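*Asks:* Give the three-dimensional model of this entry:
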Amino acid sequence: MEGLNRISGDIPWTEPAITQVWAEYIADNKSWIEKMGGNIHLFAVGGEHPEVPGSESIQLWHYNGAGTRMMKSLYEQVSQRGAEVRHNAAAKKLLTNINGDVVGVRVETGEGHRMDIGANRGVILACGGFEFDERMKLNYLKTYPAYFYGSPANTGDGIRMALEVGADLWHMNCCSARAVGKFAEYPWSFPLDFGGKGWTARLLKSEGNPEPAGYILVNRYGKRFTSENFKLHCLYYELGLFDTQRLEYPRIPCYWIFNQSRIEAGALPLTIAGPAGPQQLYHWSQENSKELESDWIISGATVEELALKLDIPPDALRTTVNTYNGYCEKGHDPEFKRRPLDLIPLERPPFYAVRLWPGGANTRVDPVATPTARYSIPMVTPYPDSTGPVSWARSTACFIPREAAIWPNASPLGA
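*Replies:* Below you'll find the model as predicted:
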């Protein structure tokens, strides 16, 4: 808690009382899953930001079977409780009475029919984000374009519904994002396995195994700008540097530079998430040949040839690669403090690149909430049939199941 509040500074992005509720309830997620028969195991100890006080107390638990199996388990729990699930029923409007109290929701079915559904105790608004609404991304996020690999149904509908009944907003410029691959022929972005063969697991667990292949990230001028041991959920913020002299974002796009060793280490995308993950929305070729033919992966016999194809000054990229290879030889990166085990030289041609863009799992957005998971909306009073003083419950179900479990439980609705 001390560390989280310190990050926020004197004017917190999130009220400390709400952060306290989040911390208390997230500590119960493990037992909550286990009580429902979930099969989990300890994956790693320590947070993504070890510099934050208390980071060492964080535990990362992995659901056996990953997200697909976890969702199957949750569906089974819903079925066992006899809860009705309506598919093809998109929420379009929150219904209010003459006092402004929310009393239900209007949905639209796949056939275009509208239906009003009343609520006995309250409405849990699982807003999702706005990852696939271009205008909202342009107006709210720190960089544009930004590409995501979550659900294309996340177009900000829940946010607009809350605004219509008087909600305020917060965290609109926040997102959980990094640098991702995005290709014109495909709607989703791709999270990438930069070092190959379980790169994210090594990064999160700080494992002492060397990378199978070397790589660097460079800006539009062929220069490294960050440690490639970057933070998985916030490299996005480093990409947003704006050059006021050139009137451009020199890191958008940026480039993943690697060589033949990474091609031979397996398919480039991560398979734990994203369109090439468990759902197999896209079948990436194991040897990367199909994507090379499609020019998703750019190749060059030399570093200079690759640079010309990327419109990067050839001498600049060659200097960067030579400097990086020198760091690898010495086992020390004085510029960005990359881990010595990950300093694998780029020496074996051909050389390759993938254009990278800001993006990732999700935006981080919600109407403003209270510690009891109510949205801060004028003229909100209890429902006549409610057993507790609540009219709104909050669920951050924007591709973050661990948080989606917290807010319904924190709400007096007891959902």
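
*Asks:* For stretch 229-243, buried residues please.
*Replies:* Neighbour-count burial for stretch 229-243 flags Asn229, Phe230, Leu232, His233, Cys234, Leu235, Tyr236, Tyr237, Glu238, Leu239, Gly240 (criterion: 16 or more other Cβ atoms under 10 Å). Where C-beta positions appear, they are placed from N, C-alpha and C, glycine not excepted.

*Asks:* Check stretch 255-267 too.
*Replies:* Quick answer for stretch 255-267 (16+ other Cβ under 10 Å): Tyr255, Trp256, Ile257, Phe258, Asn259, Gln260, Ser261, Arg262, Ile263, Ala265, Gly266, Ala267.

*Asks:* from those, which single one is nearest His49?
*Replies:* Ranked by distance to His49 (Cβ to Cβ), the buried residues of stretch 255-267 are led by Trp256 at 23.3 Å.

*Asks:* What backbone torsions are found at the nearest residue to the closest one once chain neighbours are set aside?
*Replies:* With sequence-adjacent residues excluded and distances taken as Cβ to Cβ, 6 or more residues apart in numbering, Trp256 is closest to Val354, at 4.6 Å. Phi and psi for Val354, reported as degrees, to the nearest 10, are phi -130, psi 130.

*Asks:* do the same with Leu341
*Replies:* phi -60, psi -20.

*Asks:* Name the SS class of the residue lying closest to it once chain neighbours are set aside, please.
*Replies:* Nearest in space to Leu341, with sequence neighbours left out and distances taken as Cβ to Cβ, 6+ apart, is Pro210 at 4.6 Å. When classified by DSSP: H, G, I helix; E, B strand; the rest coil, Pro210 comes out as coil.

*Asks:* quick one: contacts for Pro210?
*Replies:* Under the criterion of Cβ atoms under 8 Å, 6 or more residues apart in numbering, the neighbours of Pro210 are Leu341, Asp342, Ile344.

*Asks:* Mind checking which of those residues are buried?
*Replies:* Asp342, Ile344.

*Asks:* And the contacts of Pro210, which is closest to Arg114?
*Replies:* Asp342 (55.0 Å).

*Asks:* Excluding residues flanking it in the chain, which one is nearest the closest one?
*Replies:* Glu211 (5.0 Å).

*Asks:* measure that neighbour to Trp357 for me?
*Replies:* 23 Å (Cβ to Cβ, to the nearest Å).

*Asks:* Please state the offset of stretch 282-293 from the chain centre?
*Replies:* Distance, stretch centre to chain centre, for stretch 282-293: 24 Å (Cα atoms, centre = their mean, to the nearest Å).

*Asks:* can you list the residues that contact it?
*Replies:* Tyr186, Trp188, Phe190, Ile263, Gly266, Ala267, Leu268, Pro269, Pro275, Ala276, Ile297, Ser299.

*Asks:* Of the residues you listed, which pair is most distant in space?
*Replies:* Farthest apart among the contacts of stretch 282-293 - using Cβ to Cβ - are Trp188 and Ser299, which lie 23.5 Å from each other.

*Asks:* More neighbours: those two, which one.
*Replies:* Trp188 (23 against 17; other Cβ atoms under 10 Å).

*Asks:* mind checking how far the more buried one is from Thr143?
*Replies:* 18 Å.

*Asks:* Next: Ile98.
*Replies:* In terms of Cβ to Cβ, Ile98 sits 43 Å off from Thr143.

*Asks:* do Ala162 as well
*Replies:* Separation of Ala162 from Thr143 (Cβ to Cβ): 25 Å.

*Asks:* and the residue nearest the centre of the chain, what is it in contact with?
*Replies:* Centroid-nearest residue in the chain, with Cα atoms, centre = their mean: Ala361, separated by 2.5 Å. Contacts for Ala361 were tallied using Cβ under 8 Å, 6+ apart; they are Phe148, Tyr149, Gly150, Ser176, Ala177, Pro191, His233, Ala273, Phe399, Ile400.

*Asks:* Thanks a lot, catch you later.
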